[in-house]
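1. here is a sequence with its predicted model. Questions after.
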Amino acid sequence: MTTILRRKKEHYKLRCFGCKALYDIDDYGKFYRCAKCGNLLEVKRDTFWLREDIDKTLLRYPEGVWRYFDLIPLWEESNIVTLGEGNTNLIDCKNLARVFGIKSLHVKFEGLNPTGSFKDRGMTAGVSKAVELGYKMVMCASTGNTSASLAAYSARANLQCIVLVPKGKIAMGKIAQAIAYGAKIYQVDGNFDDSLRMASKICEQNNKILLLNSLNPFRIEGQKTVAFEIVEQLGRTVPDVVVLPVGNGGNITAVWKGFSEIFEIGLESTVGRHIGERPPKLIGIQAEGAAPIAKAFKKGLRDSFEPVEDPHTEASAINIGSPVSWMKALAAIYESGGRSDSVTDDEIFAAQKLLASTEGIFVEPASAAPIAYISKVSRAREAFAKEFEELTNSNVVCICTGNGLKDPNALLKGMKPDQLETISAEESSLQKVLA
């Protein structure tokens, strides 16, 4: 083990996102929020320490999330629980860029992760930390993707996994994964917010069970690596704008943390040689029926928001009315100089089909929200003149978080009868329809 790894732990702390109180990082799980103000916690690292040795240690593996081991608060490499996550494709969508009339558009397709979603980045870090801290049981509440991911990594690590899901509000493809991976699943007669409230209280009362929802700061440490990969895949440059869906608020928090660290730590010497002057603007997109972050942003709110009591969208992955990381999500949007908006379910499904038919990329409904937003701005250029001008002159990356095979029924619901025509088993029948 190198000198920097022996020194690694002493340079990390847990910090309250609100009052900035500090805690020992390996005490996480004994508590989940700040004892002083009740806010969420985040990982804070001594930046100057890492700057001293960055060229000697960074990028120890060839690819994937653990390529950035020195930037993740895990002390022993032997505790890594991995399925080969990360290193997902960044696809240059020239056809779609022409359709929208913008300069450059790339899709970071996180649906290519082992269980089919971006959650695997956070779960490899979160479950690895659970192993390092000695936990034998983990729990989450989920709209689908978290349950599949936690169940898979728990199986890999030989941990017991408990999952709470809102009854009747989760895609069957996702619940099938969690069942296959051996999780113990309970359906809650309520929504996701009810499920998370229950899971949080149980884990707070029983410190033998580690909660692994996105309020867990170790999840964020894994998910931030998508930012590092984007910069490397763009030829060591930083995009101007990143558009991504927002549900519980953890992923936009992680993406901002990743891009911020590129500048704070001096990663431009290793990851971004032709780096821009600042991190990208982040645009967080929600479904219209579950858009508390977008509504708060439009009202200019930073320190408060109004939960949506009965959220509803067919994009089940972002069907969340009271996002636990709302304050972090709003901070990421404001600090990046970005914005938040919402799109309708019809716009989401239209964008899902458009992305698949023009670029061959099939994403689940929630993942199509960023494409739906760009499409909306492009169609209504006069109403969104400022936004369209910015996109037109920018290098834009959309983070599409989940694979379309996660929730194929959502697409099939809107299919017209003539889109699946039946013909007889005769050549003449085929010749007739092709004529």
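-> Received it, and whenever you're ready, just let me know what you need.
2. CA atoms for contacts and neighbours, from now on please.
-> OK.
3. in a strand, that's where F388 is, yeah?
-> No - read with DSSP: H, G, I helix; E, B strand; the rest coil, F388 is helix and lies in no strand.
4. let's verify P370: helix, strand, or coil?
-> Under three-state DSSP, P370 comes out as helix.
5. ok, it - how many residues close by?
-> Neighbours of P370 under the rule other C-alpha atoms under 10 Å: 30.
6. got it, and the one 3 residues further on?
-> The number of residues packed near Y373 is 26, by other C-alpha under 10 Å.
7. any idea of the pLDDT on it?
-> We have a pLDDT of 98 for Y373.
8. tell me how far it lies from F384.
-> The spacing between Y373 and F384, counted by C-alpha to C-alpha, to the nearest Å, is 11 Å.
9. again, but for N213
-> From N213 to F384 the distance is 35 Å (C-alpha to C-alpha).
10. ok, those two, which is more surrounded?
-> Neighbour totals were compared for N213 and F384, and N213 leads with 28 against 13 (other C-alpha under 10 Å).
11. secondary structure class for the more buried one?
-> N213 carries the three-state label coil when classified by three-state DSSP.
12. list the contacts of A148.
-> Contacts for A148 (C-alpha atoms under 8 Å, 6 or more residues apart in numbering) come out as 115, 174-175, 177-178, 181.
13. turn those into a markdown table, columns for secondary structure and distance to E314.
-> Converted to a markdown table, those look like this (DSSP: H, G, I helix; E, B strand; the rest coil; distance: C-alpha to C-alpha, whole Å):
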| residue | secondary structure | distance to E314 |
| --- | --- | --- |
| T115 | coil | 21 |
| K174 | helix | 14 |
| I175 | helix | 16 |
| Q177 | helix | 20 |
| A178 | helix | 20 |
| Y181 | coil | 25 |
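14. of those residues, closest to F297?
-> Using C-alpha to C-alpha, K174 is the member of these that lies nearest F297, at 30.8 Å.
15. now do the phi/psi pair for the nearest residue to that closest one once chain neighbours are set aside.
-> Distance criterion C-alpha to C-alpha, 6 or more residues apart in numbering; nearest residue to K174, sequence neighbours excluded, is G144 at 5.1 Å. G144 adopts backbone torsions of phi 140, psi -60, taken as degrees, to the nearest 10.
16. quick one, what contacts G144?
-> 165, 170-171, 174-175, 316-317.
17. pLDDT weak spots in the chain?
-> Within the chain, the stretches falling below the threshold (pLDDT under 70) are 1-6, 48-61, 266-277, 414-418.
18. contacts for stretch 117-127, please.
-> Identification of contacts with stretch 117-127 by C-alpha under 8 Å, 6+ apart yields 65, 72, 74, 80-83, 85-86, 110-111, 113-114, 145-146, 149-150, 153-154, 157, 212, 216, 218-223, 225, 401-403.
19. where along the stretch 1-150 of the chain do the strands fall?
-> Per DSSP state E, counting those that start in this stretch, the stretch 1-150 of the chain carries strands over the ranges 12-16, 22-23, 41-45, 90-92, 104-109, 137-141.
20. good, wrapping up.
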